[in-house]
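>>> got a structure for you, letters missing:
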(Lines give C-alpha, C1' and ligand atoms only; values in the text may rest on other atoms or scores of the structure.)
Protein backbone atom coordinates (compact mmCIF):
# COMPACT_ATOMS: atom_id res chain seq x y z
CA UNK A 1 0.00 0.00 0.00
CA UNK A 2 1.31 3.44 -0.93
CA UNK A 3 1.91 5.75 2.02
CA UNK A 4 0.37 9.19 1.56
CA UNK A 5 2.57 12.03 2.78
CA UNK A 6 1.65 15.68 3.10
CA UNK A 7 3.67 18.12 0.97
CA UNK A 8 5.62 19.25 4.06
CA UNK A 9 6.35 15.69 5.11
CA UNK A 10 7.62 15.03 1.60
CA UNK A 11 9.88 18.08 1.88
CA UNK A 12 11.36 16.75 5.14
CA UNK A 13 11.84 13.29 3.63
CA UNK A 14 13.61 14.68 0.55
CA UNK A 15 15.88 16.81 2.75
CA UNK A 16 16.87 13.72 4.76
CA UNK A 17 17.60 11.81 1.56
CA UNK A 18 19.66 14.66 0.10
CA UNK A 19 21.78 15.10 3.23
CA UNK A 20 22.49 11.38 3.45
CA UNK A 21 23.60 11.40 -0.21
CA UNK A 22 25.71 14.56 0.24
CA UNK A 23 27.33 13.86 3.61
CA UNK A 24 26.57 10.28 4.59
CA UNK A 25 24.68 11.47 7.71
CA UNK A 26 21.05 12.44 8.36
CA UNK A 27 20.32 16.05 9.42
CA UNK A 28 19.61 17.21 12.95
CA UNK A 29 16.23 18.69 13.90
CA UNK A 30 17.81 22.17 13.96
CA UNK A 31 19.23 21.69 10.46
CA UNK A 32 15.83 20.59 9.16
CA UNK A 33 14.19 23.62 10.76
CA UNK A 34 16.73 26.02 9.21
CA UNK A 35 16.58 24.46 5.76
CA UNK A 36 12.78 24.40 5.57
CA UNK A 37 12.04 27.63 7.44
CA UNK A 38 10.39 26.13 10.54
CA UNK A 39 10.17 28.37 13.59
CA UNK A 40 11.83 25.80 15.85
CA UNK A 41 13.35 22.35 15.98
CA UNK A 42 10.13 21.20 17.68
CA UNK A 43 8.26 21.71 14.40
CA UNK A 44 10.80 19.50 12.65
CA UNK A 45 10.36 16.89 15.40
CA UNK A 46 6.59 16.87 14.81
CA UNK A 47 7.09 16.11 11.10
CA UNK A 48 9.68 13.42 11.89
CA UNK A 49 7.30 11.70 14.29
CA UNK A 50 4.58 11.79 11.64
CA UNK A 51 6.96 10.22 9.12
CA UNK A 52 7.85 7.56 11.68
CA UNK A 53 4.17 6.76 12.29
CA UNK A 54 3.71 6.32 8.54
CA UNK A 55 6.65 3.94 8.34
CA UNK A 56 8.95 6.16 6.26
CA UNK A 57 11.67 6.48 8.92
CA UNK A 58 12.77 5.14 12.29
CA UNK A 59 13.90 7.44 15.09
CA UNK A 60 16.55 6.64 17.69
CA UNK A 61 15.59 8.28 21.03
CA UNK A 62 18.17 10.71 22.40
CA UNK A 63 20.28 10.93 19.22
CA UNK A 64 20.21 14.23 17.33
CA UNK A 65 20.98 12.47 14.03
CA UNK A 66 19.17 9.26 14.91
CA UNK A 67 17.07 9.12 11.74
CA UNK A 68 16.97 6.01 9.60
CA UNK A 69 15.16 5.72 6.26
CA UNK A 70 13.10 2.55 5.93
CA UNK A 71 13.00 0.29 2.90
CA UNK A 72 10.99 1.88 0.10
CA UNK A 73 12.06 5.38 1.12
CA UNK A 74 15.80 5.10 0.56
CA UNK A 75 17.52 7.41 -1.93
CA UNK A 76 18.41 6.14 -5.38
CA UNK A 77 22.07 5.82 -4.39
CA UNK A 78 22.40 2.44 -2.64
CA UNK A 79 23.10 2.50 1.10
CA UNK A 80 24.97 -0.69 2.03
CA UNK A 81 24.12 -2.86 5.00
CA UNK A 82 25.64 -6.02 6.39
CA UNK A 83 24.12 -8.14 3.60
CA UNK A 84 25.56 -5.84 0.96
CA UNK A 85 29.00 -6.14 2.51
CA UNK A 86 28.76 -9.93 2.41
CA UNK A 87 27.91 -9.84 -1.30
CA UNK A 88 29.82 -6.90 -2.82
CA UNK A 89 28.83 -5.55 -6.24
CA UNK A 90 30.68 -6.59 -9.36
CA UNK A 91 31.81 -3.01 -9.94
CA UNK A 92 33.31 -0.67 -7.40
CA UNK A 93 36.53 -0.10 -5.55
CA UNK A 94 38.08 -1.87 -2.61
CA UNK A 95 38.56 -0.22 0.78
CA UNK A 96 40.44 -1.54 3.81
CA UNK A 97 38.47 -1.91 7.04
CA UNK A 98 40.58 -0.65 9.95
CA UNK A 99 39.87 -2.03 13.41
CA UNK A 100 41.47 -1.05 16.70
CA UNK A 101 44.59 1.08 16.16
CA UNK A 102 47.61 0.19 18.29
CA UNK A 103 49.32 3.08 20.06
CA UNK A 104 51.93 4.82 17.96
CA UNK A 105 51.25 2.81 14.81
CA UNK A 106 50.00 4.25 11.47
CA UNK A 107 46.27 3.80 10.95
CA UNK A 108 46.75 1.84 7.72
CA UNK A 109 49.43 -0.48 9.15
CA UNK A 110 48.81 -4.04 7.99
CA UNK A 111 48.10 -5.31 11.50
CA UNK A 112 45.12 -2.93 11.83
CA UNK A 113 43.34 -4.02 8.63
CA UNK A 114 40.58 -6.54 9.30
CA UNK A 115 39.68 -7.11 5.65
CA UNK A 116 38.83 -5.28 2.44
CA UNK A 117 35.35 -4.77 0.98
CA UNK A 118 34.06 -3.52 -2.37
CA UNK A 119 32.17 -0.23 -2.37
CA UNK A 120 29.97 1.33 -5.05
CA UNK A 121 31.78 4.51 -6.27
CA UNK A 122 28.58 6.62 -6.31
CA UNK A 123 27.88 5.95 -2.64
CA UNK A 124 30.06 8.79 -1.33
CA UNK A 125 30.30 12.32 -2.66
CA UNK A 126 34.01 12.36 -1.76
CA UNK A 127 35.90 9.14 -2.35
CA UNK A 128 37.13 7.67 0.97
CA UNK A 129 40.50 6.02 1.49
CA UNK A 130 39.50 3.58 4.22
CA UNK A 131 36.72 2.51 6.58
CA UNK A 132 37.35 2.89 10.32
CA UNK A 133 35.40 0.66 12.68
CA UNK A 134 33.93 2.92 15.37
CA UNK A 135 34.77 2.07 18.98
CA UNK A 136 32.41 3.34 21.69
CA UNK A 137 29.48 5.75 21.75
CA UNK A 138 31.11 9.17 22.17
CA UNK A 139 29.62 10.28 18.79
CA UNK A 140 26.19 8.74 19.40
CA UNK A 141 24.22 11.96 18.92
CA UNK A 142 25.82 12.49 15.50
CA UNK A 143 24.34 9.15 14.47
CA UNK A 144 27.71 7.37 14.68
CA UNK A 145 27.31 4.22 16.75
CA UNK A 146 29.63 1.59 18.17
CA UNK A 147 30.57 -0.88 15.43
CA UNK A 148 29.69 1.41 12.51
CA UNK A 149 32.14 1.76 9.64
CA UNK A 150 33.14 5.41 9.24
CA UNK A 151 34.27 6.29 5.70
CA UNK A 152 37.40 8.44 5.98
CA UNK A 153 39.22 10.63 3.45
CA UNK A 154 42.89 11.03 4.32
CA UNK A 155 43.69 14.73 4.77
CA UNK A 156 45.65 16.87 7.25
CA UNK A 157 43.14 19.74 6.91
CA UNK A 158 39.54 20.18 8.06
CA UNK A 159 37.02 22.99 8.48
CA UNK A 160 35.67 24.01 11.87
CA UNK A 161 32.67 21.83 12.77
CA UNK A 162 33.57 18.84 10.60
CA UNK A 163 33.83 15.32 12.00
CA UNK A 164 37.44 14.18 11.88
CA UNK A 165 39.73 11.32 12.74
CA UNK A 166 42.49 12.81 14.90
CA UNK A 167 45.61 11.50 16.58
CA UNK A 168 46.49 12.85 20.03
CA UNK A 169 49.82 11.50 21.20
CA UNK A 170 49.34 7.75 20.65
CA UNK A 171 45.53 7.69 20.63
CA UNK A 172 43.27 7.87 17.56
CA UNK A 173 39.79 9.30 18.09
CA UNK A 174 36.70 10.38 16.11
CA UNK A 175 35.35 13.77 17.18
CA UNK A 176 33.93 17.06 15.87
CA UNK A 177 36.62 19.67 15.27
CA UNK A 178 36.29 23.02 17.04
CA UNK A 179 38.99 25.50 16.14
CA UNK A 180 39.09 29.08 17.43
CA UNK A 181 42.29 30.76 16.38
CA UNK A 182 45.10 28.60 17.71
CA UNK A 183 42.84 26.83 20.19
CA UNK A 184 41.62 23.37 19.19
CA UNK A 185 39.01 21.25 20.92
CA UNK A 186 37.71 17.85 19.88
CA UNK A 187 34.03 17.64 20.75
CA UNK A 188 32.09 14.46 21.49
CA UNK A 189 28.44 14.12 20.48
CA UNK A 190 27.37 12.53 23.75
CA UNK A 191 26.96 14.53 26.98
CA UNK A 192 28.49 11.67 28.97
CA UNK A 193 31.90 12.57 27.52
CA UNK A 194 34.06 15.67 28.02
CA UNK A 195 35.66 17.65 25.17
CA UNK A 196 39.33 16.98 24.53
CA UNK A 197 41.41 20.15 24.82
CA UNK A 198 44.47 20.07 22.56
CA UNK A 199 47.44 21.86 24.11
CA UNK A 200 50.96 22.59 22.98
CA UNK A 201 52.13 19.59 24.99
CA UNK A 202 50.15 17.19 22.80
CA UNK A 203 51.44 15.51 19.66
CA UNK A 204 48.37 16.32 17.54
CA UNK A 205 47.57 15.57 13.90
CA UNK A 206 44.47 15.28 11.73
CA UNK A 207 44.41 11.86 10.11
CA UNK A 208 41.30 12.29 8.00
CA UNK A 209 37.81 13.62 7.42
CA UNK A 210 34.57 11.67 7.84
CA UNK A 211 32.78 11.52 4.47
CA UNK A 212 30.09 8.92 5.16
CA UNK A 213 28.92 6.00 7.24
CA UNK A 214 28.05 2.35 6.77
CA UNK A 215 25.80 0.81 9.41
CA UNK A 216 26.50 -2.88 9.92
CA UNK A 217 23.79 -3.55 12.52
CA UNK A 218 20.18 -2.65 13.19
CA UNK A 219 19.02 0.11 15.55
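Everything's here; your move. Since the model is a prediction, treat every value here as computed from it, not as a measurement.
>>> give the buried residues for stretch 51-63.
By neighbour count, and taking 16 or more other C-beta atoms under 10 Å as the criterion, the buried residues in stretch 51-63 are 51, 54, 56-57, 60, 63. All C-beta spots, glycine's among them, are computed from the backbone N, C-alpha and C.
>>> and what of stretch 145-164?
Buried residues in stretch 145-164, defined by neighbour count with 16+ other C-beta under 10 Å: 145, 148-153, 158, 163-164.
>>> averaged pLDDT, that stretch. What do you get?
Regarding stretch 145-164, the rounded mean pLDDT is 89.
>>> end to end on that stretch, go ahead and measure it.
Here the two ends of stretch 145-164 are set 15 Å apart, with distance taken as C-alpha to C-alpha, to the nearest Å.
>>> how far off centre is it?
Per C-alpha atoms, centre = their mean, to the nearest Å, the displacement of stretch 145-164 from the mean C-alpha position of its chain is 8 Å.
>>> quick one: contacts of the longest helix seen in the chain?
Under DSSP state H, the helix in the chain containing the largest number of residues is helix 7-23. Contacts to helix 7-23, defined as C-beta atoms under 8 Å, 6 or more residues apart in numbering, come from residues 5, 25-27, 31-32, 35-36, 44, 47-48, 50-51, 54, 56-57, 67, 69, 73-75, 77, 79, 125, 211-212.
>>> restricted to buried residues, select those residues in ChimeraX.
Selecting just the buried residues from the contacts of helix 7-23 in ChimeraX takes one command, with 16+ other C-beta under 10 Å as the test:
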select :5,25,26,27,31,32,36,44,47,48,50,51,54,56,57,67,69,73,79,211,212
